[in-house]
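In: sequence plus the predicted model coming up.
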Amino acid sequence: MADYASALHKSTPAFSPLVPVALLPYLAFILLSATFVLTFYFSTLPKEKIPAHELAVASTASLLGGFGVVAMFCTAGVYV
């Protein structure tokens, strides 16, 4: 079993990311900038009884912020 695992480990190709590492700083800047803009826009929305539009804006800002922070960490060398 150990021989099979060792042979399998040696035969698999090295990991290559889908997004080139050189693009990560720009991607982080774009995503975090969009998060800032959407957060500002969210703070200016009028309150409604059914907050569907607020929920969509806040969810999008949260999603972009999460991916932006991960891209920023990877840019700094903290591979999460």
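Out: Received, thanks.
In: tell me which element the most centrally placed residue in the chain falls in.
Out: Among the residues of the chain, the one closest to the centroid is residue 67, at 1.4 Å (CA atoms, centre = their mean). Assigned by DSSP states H and E, residue 67 belongs to helix 52-76.
In: tell me the buried residues in that helix?
Out: For helix 52-76, the buried set under the neighbour-count rule, 16 or more other CB atoms under 10 Å, comprises 57, 58, 61, 64, 65, 68, 70, 71, 72, 74, 75. Bear in mind the C-beta positions are built from the backbone N, C-alpha and C, glycine included.
In: and of the residues you listed, the nearest to residue 39?
Out: When the buried residues of helix 52-76 are compared for distance to residue 39 (CB to CB), residue 61 comes out closest, at 5.2 Å.
In: apart from its chain neighbours, what residue comes closest to that closest one?
Out: Leaving aside its sequence neighbours, residue 61 sits nearest to residue 38 (CB to CB, 6 or more residues apart in numbering; 3.8 Å).
In: cool, residue 39 as well?
Out: Excluding the flanking residues, the one nearest residue 39 by CB to CB, 6+ apart is residue 61, at 5.2 Å.
In: can you read off the pLDDT for the one you found?
Out: Residue 61 is assigned a predicted lDDT (pLDDT) of 96.
In: re earlier: show me what whichever strand or helix holds the residue nearest to residue 61 is packed up against.
Out: When elements are assigned from DSSP H and E, residue 38 belongs to helix 24-44. Contact analysis of helix 24-44 by 3 or more CB pairs under 8 Å, 6 or more residues apart in numbering; DSSP states H and E lists helix 52-76 as its packing neighbours.
In: from the contact counts, what lies against the helix it packs on?
Out: helix 24-44.
In: how near is residue 2 to residue 22?
Out: Residue 2 is 39 Å from residue 22, where distance means CB to CB, to the nearest Å.
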